[in-house]
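1. need coordinates for the below:
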Amino acid sequence: MKTVYSPDHRLHHARGELSDGRLEPPYEMPERAEIVLRHVRDVGLGPVVEPGPCDRAVLERVHAPDYVAHLEGAWADWVAEHGEETDALPLIWPVRTLRQACPRHIDGRVSYYAMDAGTPITAGTWQAATASAAVAQAGAQLVRQEGGPVFSLCRPPGHHAARDLLGGYCFLNNAAIAAQWYQDHGAQRVAILDIDYHHGNGTQAIFYERSDVLFLSIHADPADEFPYFLGYADETGAGPGAGANANYPLPWGSGWSEWAAALERACVRIADHGPDVLVVSLGVDTFEGDPISRFRLASDDFPRVGARLARLGLPTQFVMEGGYAVAEIGVNAVGVLAGFEGA
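-> Numbering: from 1, shown residues only. Model prediction:
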């Protein structure tokens, strides 16, 4: 299995995130990708390649052009306004009683395009986010050329980023960008399976009214867990996308048996859909030792995930999402990939 990786991910290194009322060092850090890459090489998973330039046109078919322009220029505007290189974080959100209009001032714009205070924009965020999107695009190209499987080692992650919204450590939606790339190059049907602990709210929102992309997500119940306001089982798509969205929320404490049952339901749904290609949003924060998650999957469970996905017999692209037990992230992520390869 080829791995696509860009060292430019290191350019995004936030100083802090607002967590439990405190500004804390972020759980999403450059070491995550470096440890996964090291384990890819240690187990001999396959060649590691770097992507070419990011195709901005694909970004703007997934994300609103004004949002892409905001990401590109936000850091320079922030420093020009504040006179120092602090992380750019929102201070207000356009909630229910407020007008939904984007302000001219950078403080207002940073707030308008964000859904949380845990996803700072830094000096290197634009370069890192577009490099991550390029990793997703290059992975899709390899799958199309060679049949897959391919691992896109994306960082920053992407599945919480919506059409014009960042959050949950995500700026550009890498899985959605890969899915759009396939559509642009002739795929009639794409399935995205999100197995991160947290619901892929951004991916769902991007494709919610489209029938050409089936989105499925196995995650912690949003009644109790981030992102809280999306990911319920009754969200099944709308308009042309009615029936093309499936959520499998699970309670805190779910272990392998409960999680595997949801995976089986999702796999049956994917097989019935008959997609041309499968994109897997690969989060391994379902691990029992993850510091911000409450599922109980063991490291030995992750190869079983990969083996079940392999039995679908589809061209498959894995796109890295979450996982914050840094010491184990390489073992768990590569465990899925090795299980897929060995099935």
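2. what ranges do the helices span in the stretch 201-343 of the chain?
-> In the stretch 201-343 of the chain, the helices defined using DSSP state H, counting those that start in this stretch lie at 201-207, 256-273, 302-310, 326-342.
3. for E225, which of those helices is the nearest?
-> E225 sits nearest to helix 201-207 of all these, at 11.5 Å, using Cβ to Cβ. No exception for glycine: its C-beta is placed from N, CA and C like everyone else's.
4. residue furthest from the geometric center of the protein?
-> Using Cα atoms, centre = their mean, the residue of the chain lying farthest from its centre is G83. It sits 32.3 Å away.
5. so what pLDDT did that one get?
-> G83 carries a pLDDT score of 88 in this model.
6. ranges for the strands of the stretch 101-250 of the chain?
-> In the stretch 101-250 of the chain, strands defined by DSSP state E, counting those that start in this stretch lie at 150-152, 190-194, 213-220, 245-250, listed in chain order.
7. the first one pairs with which strands?
-> For strand 150-152, the pairing partners within the sheet under DSSP bridges are strand 2-4 (parallel), strand 316-320 (parallel).
8. pick the most buried one from those strands.
-> Across the strands paired with strand 150-152, the average number of neighbours (mean count of other Cβ atoms under 10 Å) peaks for strand 316-320, which reaches a mean of 29.
9. what comes into contact with it?
-> Residues outside strand 316-320 that contact it (Cβ atoms under 8 Å, 6 or more residues apart in numbering): 33, 36, 136, 139-140, 143, 148-155, 157-158, 174-175, 178, 277-282, 309-310, 333, 336-337, 340.
10. so it versus helix 326-342, what angle?
-> 180 degrees (axes from the mean of the first three to the mean of the last three Cα atoms, to 10 degrees).
11. now do strand 316-320: distance to the chain's middle.
-> On the basis of Cα atoms, centre = their mean, to the nearest Å, the separation between the geometric centre of strand 316-320 and that of its chain is 10 Å.
12. if we can go back for a sec, would you turn the helices of the stretch 201-343 of the chain into CSV with mean neighbour count?
-> Converted to CSV, the helices of the stretch 201-343 of the chain look like this (neighbours: other Cβ atoms under 10 Å):
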stretch, mean neighbour count
helix 201-207, 26
helix 256-273, 16
helix 302-310, 21
helix 326-342, 21
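13. could you dump these to CSV with mean pLDDT?
-> Output for the helices of the stretch 201-343 of the chain, formatted as CSV (pLDDT from 0 to 100):
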stretch, mean pLDDT
helix 201-207, 99
helix 256-273, 98
helix 302-310, 98
helix 326-342, 97
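14. save those helices as a markdown table, and put in distance to V40 too.
-> Shown next, in a markdown table, are the helices of the stretch 201-343 of the chain (distance: least, Cβ to Cβ, whole Å):
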| stretch | distance to V40 |
| --- | --- |
| helix 201-207 | 24 |
| helix 256-273 | 23 |
| helix 302-310 | 14 |
| helix 326-342 | 6 |
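15. what about the protein, any weak spots by pLDDT?
-> Of all residues in the chain, none has pLDDT under 70.
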